[in-house]
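[1] next come a sequence and a model predicted from it.
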Amino acid sequence: MRQCSISRAGGQGLNLQNTSYVFHFDRWWNPAVERQAEDRAHRLGQTFPVHVYRYILEGNIEERIDHVLREKQLLFDELVDGVSIDLKSALTSEELFGLFGLKPPEPAKTHRSGK
(Lines give C-alpha, C1' and ligand atoms only; values in the text may rest on other atoms or scores of the structure.)
Protein backbone atom coordinates (compact mmCIF):
# COMPACT_ATOMS: atom_id res chain seq x y z
CA MET A 1 0.00 0.00 0.00
CA ARG A 2 1.36 3.41 -0.92
CA GLN A 3 1.50 6.04 1.77
CA CYS A 4 2.00 9.77 1.78
CA SER A 5 4.04 12.12 3.92
CA ILE A 6 3.76 15.78 4.76
CA SER A 7 7.09 17.61 4.78
CA ARG A 8 6.98 18.47 8.48
CA ALA A 9 6.58 14.79 9.36
CA GLY A 10 9.59 13.88 7.24
CA GLY A 11 11.62 16.65 8.82
CA GLN A 12 11.07 15.26 12.30
CA GLY A 13 13.37 12.28 11.86
CA LEU A 14 10.84 9.76 10.59
CA ASN A 15 12.03 7.23 8.05
CA LEU A 16 9.24 6.84 5.54
CA GLN A 17 10.52 4.16 3.15
CA ASN A 18 6.98 3.14 2.20
CA THR A 19 6.01 6.68 1.23
CA SER A 20 5.21 7.35 -2.43
CA TYR A 21 4.01 10.96 -2.17
CA VAL A 22 5.47 13.95 -0.35
CA PHE A 23 3.36 17.11 -0.05
CA HIS A 24 4.83 20.48 0.92
CA PHE A 25 2.00 22.66 2.21
CA ASP A 26 3.70 25.09 4.58
CA ARG A 27 7.00 25.96 2.87
CA TRP A 28 10.22 26.55 4.79
CA TRP A 29 12.66 29.38 4.02
CA ASN A 30 15.48 26.82 3.99
CA PRO A 31 15.44 24.53 0.93
CA ALA A 32 17.55 21.93 2.77
CA VAL A 33 14.69 21.29 5.21
CA GLU A 34 12.33 20.38 2.38
CA ARG A 35 14.98 18.25 0.72
CA GLN A 36 15.49 16.35 3.98
CA ALA A 37 11.79 15.55 4.10
CA GLU A 38 11.95 14.27 0.51
CA ASP A 39 15.10 12.24 1.18
CA ARG A 40 13.44 10.43 4.07
CA ALA A 41 11.00 8.94 1.54
CA HIS A 42 13.89 7.74 -0.65
CA ARG A 43 15.26 5.26 1.91
CA LEU A 44 16.63 1.81 1.26
CA GLY A 45 13.81 -0.60 0.66
CA GLN A 46 11.68 1.92 -1.22
CA THR A 47 10.08 0.08 -4.13
CA PHE A 48 7.81 2.82 -5.54
CA PRO A 49 8.76 6.08 -7.24
CA VAL A 50 8.40 9.08 -4.95
CA HIS A 51 6.31 12.02 -6.17
CA VAL A 52 6.87 15.46 -4.62
CA TYR A 53 4.21 18.18 -4.72
CA ARG A 54 4.56 21.78 -3.57
CA TYR A 55 1.41 23.77 -2.95
CA ILE A 56 1.83 27.47 -3.70
CA LEU A 57 -0.95 30.06 -3.67
CA GLU A 58 -0.55 32.46 -6.59
CA GLY A 59 -0.27 36.13 -5.66
CA ASN A 60 0.48 35.28 -2.03
CA ILE A 61 3.54 35.28 0.26
CA GLU A 62 3.96 31.60 -0.66
CA GLU A 63 4.80 32.64 -4.21
CA ARG A 64 7.57 34.90 -2.86
CA ILE A 65 8.84 32.09 -0.61
CA ASP A 66 9.03 29.78 -3.62
CA HIS A 67 11.01 32.41 -5.57
CA VAL A 68 13.47 32.89 -2.69
CA LEU A 69 13.88 29.12 -2.27
CA ARG A 70 14.68 28.69 -5.95
CA GLU A 71 17.25 31.51 -5.80
CA LYS A 72 18.85 30.00 -2.70
CA GLN A 73 19.06 26.60 -4.36
CA LEU A 74 20.68 28.06 -7.49
CA LEU A 75 23.20 29.92 -5.37
CA PHE A 76 24.01 26.77 -3.41
CA ASP A 77 24.41 24.75 -6.63
CA GLU A 78 26.78 27.35 -8.09
CA LEU A 79 28.92 28.09 -5.04
CA VAL A 80 28.89 25.03 -2.83
CA ASP A 81 27.70 21.87 -4.51
CA GLY A 82 30.34 21.66 -7.24
CA VAL A 83 33.27 22.74 -5.09
CA SER A 84 35.84 20.20 -4.04
CA ILE A 85 39.11 20.66 -2.26
CA ASP A 86 42.29 19.00 -3.49
CA LEU A 87 43.85 18.41 -0.08
CA LYS A 88 47.08 17.04 -1.56
CA SER A 89 47.83 20.39 -3.20
CA ALA A 90 46.72 22.42 -0.16
CA LEU A 91 48.33 20.46 2.69
CA THR A 92 51.27 18.16 3.17
CA SER A 93 50.69 14.78 4.82
CA GLU A 94 52.24 16.10 8.02
CA GLU A 95 49.90 19.12 8.06
CA LEU A 96 46.80 17.06 7.27
CA PHE A 97 47.45 14.40 9.91
CA GLY A 98 48.60 17.12 12.33
CA LEU A 99 45.12 18.66 12.23
CA PHE A 100 43.92 15.59 14.10
CA GLY A 101 46.96 15.21 16.33
CA LEU A 102 48.21 12.20 14.36
CA LYS A 103 51.52 11.28 12.78
CA PRO A 104 51.43 10.46 9.08
CA PRO A 105 52.08 6.83 8.17
CA GLU A 106 55.64 6.06 7.24
CA PRO A 107 56.27 5.16 3.61
CA ALA A 108 56.51 1.44 2.92
CA LYS A 109 60.06 0.21 2.69
CA THR A 110 61.02 -2.06 -0.16
CA HIS A 111 63.54 -4.84 0.38
CA ARG A 112 65.80 -5.96 -2.42
CA SER A 113 67.33 -9.33 -2.36
CA GLY A 114 71.03 -9.36 -3.19
CA LYS A 115 71.76 -11.97 -5.88
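    Thanks, I have the structure now. Residues are numbered from 1 along each chain as shown.
[2] going by C-alpha atoms from here, please, whenever you check contacts or count neighbours.
    OK.
[3] check which residues of the lengthiest helix in the chain are buried.
    Ranked by number of residues, the top helix in the chain under DSSP state H is helix 61-76. Across helix 61-76, burial judged by 16 or more other Cα atoms under 10 Å covers 62, 65-66, 69, 72.
[4] just those now: which is nearest Thr92?
    Thr92 lies nearest to Lys72 out of these, by Cα to Cα, at 35.0 Å.
[5] list the contacts for the closest residue to that closest one other than its chain neighbours?
    Nearest residue to Lys72 in three dimensions, chain neighbours excluded: Pro31, at 7.4 Å (Cα to Cα, 6 or more residues apart in numbering). Pro31 is in contact with 69, 72-73, counting by Cα atoms under 8 Å, 6 or more residues apart in numbering.
[6] thinking again about what came up before, ok, the buried residues of helix 61-76 vs Tyr21, which is closest?
    Nearest to Tyr21 among the buried residues of helix 61-76, counting by Cα to Cα, is Asp66 at 19.5 Å.
[7] can you tell me how far the closest one sits from Glu78?
    Distance, Asp66 to Glu78, using Cα to Cα, to the nearest Å: 18 Å.
[8] swap in Glu58?
    Glu58 sits 28 Å away from Glu78, taking Cα to Cα as the criterion.
[9] same thing with Val50?
    Distance from Val50 to Glu78, by Cα to Cα: 26 Å.
[10] more crowded one of the two?
    The neighbour count for Val50 versus Glu78, taken as other Cα atoms under 10 Å, is higher for Val50 (18 against 11).
[11] give the helix, strand or coil label for the nearest residue to the more buried one once chain neighbours are set aside.
    Spatial nearest neighbour of Val50, chain neighbours left out: Ser20 (4.4 Å); criterion: Cα to Cα, 6+ apart. Classification of Ser20 by DSSP: H, G, I helix; E, B strand; the rest coil places it in strand.
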